[in-house]
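>>> missing the sequence, but the structure's below:
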């Protein structure tokens, strides 16, 4: 069982491990799939936003370019007339400027780069643009078209801006100046802010030379700060492949954040690029929550499965311990049964031999004077035989024929009788605490008294220097699953507590095993016998002990839930002063016992006939009955191996003579026939081994006793 439970536990925990690994793998797979889905959606989002931004920037720049072209056309028209009407040109430029309030300036220059036409142009504010890159580029190349400058600080406004410009030609095609418009980076950034790209996202406008023209969120840049250029190998690789738009994952060269970038090329005479970027921390924010939820679920699932596995494991351990306890109990009962078979097999012969020994010793004692030197020797031999008889009686407790013959009795009476027989002459004091209203029990008085005696003897032996033996009894109701493993219901609990040296842990499980003893002179049968007796009464016997503190033996017996009511004493049978001579038939298969019984009965003054089995006894009784000289008494051995025993012989004798008086003899002291002899037609029971005194007392007790009639069949 232990191995199977261990294997089951290994399979359980292996299964829990595999299950958790599968769940973890499934969650990991789902999480990774979800991450990929978020990334894919973010790519699509950036691509769509890049299209929107492309259209927005293209629209803004196209409107400005239209205004620039209009001013160029007007400027060149007036140049073709031979002279420029400054007032008219200024009014024209102002009208165009009013249509585009986002512009910082809309002006026109002369060939030297002086801004001489447009709003807010005065001698005090006019500065030369000849040093500007976009001016020199337009001056030196008449085919550039629209030119967009890198970010710069306006000479008049003092603001960061980009300048859009177009060349103005004289009628002969030579350079006449340029028309330019400035748009602030703040305006571009503000137009970007309408697009939601998250807390860490960004939008940017980049020139063909990778100069950052505009960015949202905007960067704080003091005047004179160097130009910012983007540096992205992934972007360069996509451009090199000829892609006008694309998406890639990269770390920003400005703030170092990971983002998904989508770019689009704006189709102007001077190419520009718009970028939309979503930060990984933004587009995966919900994914991180899913991961946290997944991890939390995994931890909860792991905790629950491990907890359940531990609970099941502990339950299996408890079940294993319970089954092991049952198995130990079964093995213990098998040992007791084996001993019972052994005891039952040898008891008859053993007690027959003891009867011969004890009877002859007691008979011999009568043959010599009390002062004879052999008397002490005979008494010693008699005591040894009686000890052997007591040992045989304990062995018989385990025999199959030792079923208890129960009667209603009191625990207090059983305890008192056991104490009186055991503590007499010892240095141990018995302290009894038993309520007077304690319910009665149904028990074999002889067997239960023997069980109590054996436990008390064990307590006395545990306290060689003397002490107190506490005996308590209480009523209680045992619930299902009780530690005693008894059927639920009312019980009486009797506890015997000594204060001796205690029982070692290693010996507790074997304390009720036959022939196990921790005492040098112990036979190992006392507690085993008590255990067997209590078990056969539907109860339980257990021990709790601590080394150095003592032991408590606890008995549970089924309660009758009513107080014990003593029976009225039986009327004393009339008997004479001396037994009149009787005609006695002795039936026993042992010749030694037949001769011994014959000698003792003759010594007592009676007539005796003997026979070896029940069939012969029936025949002799019938003959005597026909002759008119029936036997006064029949002593019949209960068990005759291979022949008719006393029980069957009694039935046949009583069938022909209901007035016959029969006494059953047996070495099976626990046999039901011996305990309930009247139910089987006998008037008395004589337990083997017996001596002359016991036989004489039996005959004396039968003076005036008549038969009980037919036995129960």
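The structure has been received and is ready for your questions. Just so it is clear, the model here is predicted, and its values are computed rather than measured. Residues are numbered from 1 along each chain as shown.
>>> Figure out the helix or strand that residue 166 lives in.
Using DSSP states H and E, residue 166 sits in strand 160-169.
>>> Mind checking the pLDDT average for that strand?
Mean pLDDT, strand 160-169: 90.
>>> so where's the stretch 401-550 of the chain uncertain?
Counting by pLDDT under 70, the stretch 401-550 of the chain has low-confidence residues at 401-405, 515-524.
>>> please redo it, this time with the cut-off set to 80
401-406, 421, 424-425, 446, 506, 508-510, 513-526 (pLDDT under 80).
>>> repeat for the stretch 251-400 of the chain
253-255, 267-270, 316-356, 358-360, 362-375, 377-400.
>>> can you map out the strands along it?
258-266, 272-279 (DSSP state E, counting those that start in this stretch).
>>> tell me the most buried of those?
Comparing these on average neighbours per residue, with mean count of other CB atoms under 10 Å, the densest one is strand 272-279 at a mean of 24. Where C-beta positions appear, they are placed from N, C-alpha and C, glycine not excepted.
>>> Who are the contact partners of residue 31?
Neighbouring residues of residue 31 by CB atoms under 8 Å, 6 or more residues apart in numbering: 287, 290, 291, 294.
>>> Now it: which helix or strand?
helix 2-80.
>>> Any chance of TSV for the contacts of residue 31, columns neighbour count?
Below are these laid out as TSV (neighbours: other CB atoms under 10 Å):
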residue	neighbour count
287	17
290	16
291	16
294	18
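>>> Centre-most residue in the chain?
residue 311 (1.5 Å; CA atoms, centre = their mean).
>>> how much space is there between that residue and residue 305?
11 Å (CB to CB, to the nearest Å).
>>> Please apply the same query to residue 469.
From residue 469 to residue 305 the distance is 53 Å (CB to CB).
>>> What of residue 633?
81 Å.
>>> Please apply the same query to residue 179.
Counting by CB to CB - residue 179 and residue 305 are separated by 77 Å.
>>> The two: which is more packed in?
Neighbours were counted for residue 179 and for residue 305 using other CB atoms under 10 Å; residue 179 has more, 28 against 18.
>>> So the residue in the chain sticking out farthest from the centre: helix, strand or coil?
Relative to the centre of the chain, the most outlying C-alpha is that of residue 82, 106.1 Å out, by CA atoms, centre = their mean. Three-state call for residue 82 (DSSP: H, G, I helix; E, B strand; the rest coil): coil.
>>> can you check residue 182 too?
Reduced to three states by three-state DSSP, residue 182 is strand.
>>> That one contacts residue 153, correct?
No. Between residue 182 and residue 153 no contact is recorded; they are 10.4 Å apart, counting by CB atoms under 8 Å.
>>> shared neighbours of those two, which are they?
With CB under 8 Å, 6+ apart as the test, residue 182 and residue 153 both reach residue 161.
>>> more neighbours, those two?
residue 182 (24 against 14).
>>> and that one, what does it touch?
Residue 182 makes contact with 103, 104, 105, 154, 157, 161, 162, 163, 164 under the criterion CB under 8 Å, 6+ apart.
>>> Relative to residue 320, how far out is it?
Taking CB to CB, one finds residue 182 at 90 Å from residue 320.
>>> Residue 38: neighbouring residues, count only.
19.
>>> For it, list the residues it contacts.
Counting by CB under 8 Å, 6+ apart, residue 38 makes contact with 283, 284, 286, 287.
>>> neighbours around the third one, how many?
Read that as residue 286. The burial count for residue 286: 11, using other CB under 10 Å.
>>> Return the residue spatially closest to it, with its sequence-adjacent residues excluded.
Nearest non-adjacent residue to residue 286, counting by CB to CB, 6 or more residues apart in numbering: residue 38, 7.2 Å away.
>>> didn't residue 51 look like it was pressed against residue 264?
Yes. Taking CB under 8 Å as the definition, residue 51 is a contact partner of residue 264 at 6.6 Å.
>>> list the contacts for residue 489?
So residue 489 contacts 477, 478, 558, 559 (CB under 8 Å, 6+ apart).
>>> Sort out for me which of these are in strands.
Using DSSP state E, the members of the contacts of residue 489 that fall in strands are 477, 478, 558, 559.
>>> Run through the residues that contact the third one.
Same thing as residue 558. Contact analysis of residue 558 by CB under 8 Å, 6+ apart lists 441, 442, 489, 490, 491, 492, 537, 538, 539.
>>> List buried residues within those residues.
Neighbour-count burial (16 or more other CB atoms under 10 Å) applied to the contacts of residue 558 gives 441, 491, 492, 537, 538, 539.
>>> Which of these sits closest to residue 59?
Checking the buried ones among the contacts of residue 558 against residue 59 by CB to CB gives residue 491 as the nearest, at 98.4 Å.
>>> where's the closest one, which helix or strand?
strand 489-498.
>>> same deal with residue 581?
Using DSSP H and E, no helix or strand contains residue 581.
>>> number of nearby residues for it?
By other CB under 10 Å, neighbour count at residue 581 equals 11.
>>> so how far is residue 632 from it?
Taking CB to CB, one finds residue 581 at 9 Å from residue 632.
>>> Check residue 660 too.
Residue 660 is 10 Å from residue 632, by CB to CB.
>>> the more surrounded of the two?
residue 660 (22 against 17).
>>> give the contact list for the more buried one.
Applying CB under 8 Å, 6+ apart, one finds that residue 660 lies in contact with 621, 630, 631, 634, 653, 654, 707.
>>> for residue 86, same thing?
With CB under 8 Å, 6+ apart, residue 86 has these contacts: 116, 117.
>>> Residue 99 too?
With CB under 8 Å, 6+ apart, residue 99 has these contacts: residue 67.
>>> follow-up on the earlier one: now the helix or strand that the helix holding residue 31 is followed by: how far from the chain's centre is it?
As assigned by DSSP H and E, the chain's next helix or strand after helix 2-80 is helix 86-99. Helix 86-99 sits 91 Å away from the centroid of its parent chain (CA atoms, centre = their mean, to the nearest Å).
>>> What of stretch 283-303?
On CA atoms, centre = their mean, the centre of stretch 283-303 falls 27 Å from the chain's centre.
>>> And it, what's buried?
283, 284, 287, 290, 291, 294, 298.
>>> could I get these as a markdown table with distance to residue 564?
A markdown table is the format used below for the buried residues of stretch 283-303 (distance: CB to CB, whole Å):
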| residue | distance to residue 564 |
| --- | --- |
| 283 | 88 |
| 284 | 84 |
| 287 | 81 |
| 290 | 76 |
| 291 | 76 |
| 294 | 71 |
| 298 | 66 |
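>>> Show me which pair in those is furthest apart.
283 and 298 (23.7 Å).
>>> Would you list the phi and psi of residue 665?
Backbone torsions for residue 665, taken as degrees, to the nearest 10, come to phi -120, psi 140.
>>> That one contacts residue 686, correct?
Yes. Using CB under 8 Å, residue 665 is in contact with residue 686, at 4.6 Å.
>>> Overlap in contacts, the two.
residue 635.
>>> and which of the buried ones among the contacts of residue 558 is nearest residue 588?
residue 537 (32.3 Å).
>>> residue contacts, the closest one?
404, 406, 442, 443, 444, 447, 448, 557, 558.
>>> how close does it sit to residue 679?
In terms of CB to CB, residue 537 sits 20 Å off from residue 679.
>>> give me the beta-bridge partners of residue 478?
Beta-bridge partners recorded for residue 478 (DSSP bridges): residue 489.
>>> and it, how many residues sit next to it?
19.
>>> OK, contacts around it?
Counted by CB under 8 Å, 6+ apart, residue 478 has contacts 484, 486, 487, 488, 489, 490, 491, 556.
>>> Which pair of those spans the longest distance?
484 and 490 (13.1 Å).
>>> Residue 170 reaches residue 176, doesn't it?
Yes. Proximity of residue 170 to residue 176 meets the contact threshold set by CB under 8 Å, at 4.6 Å.
>>> For those two, indicate the residue with more neighbours.
residue 176 (20 against 13).
>>> I'd assumed residue 169 was in contact with that one.
Yes. Using CB under 8 Å, residue 176 is in contact with residue 169, at 5.6 Å.
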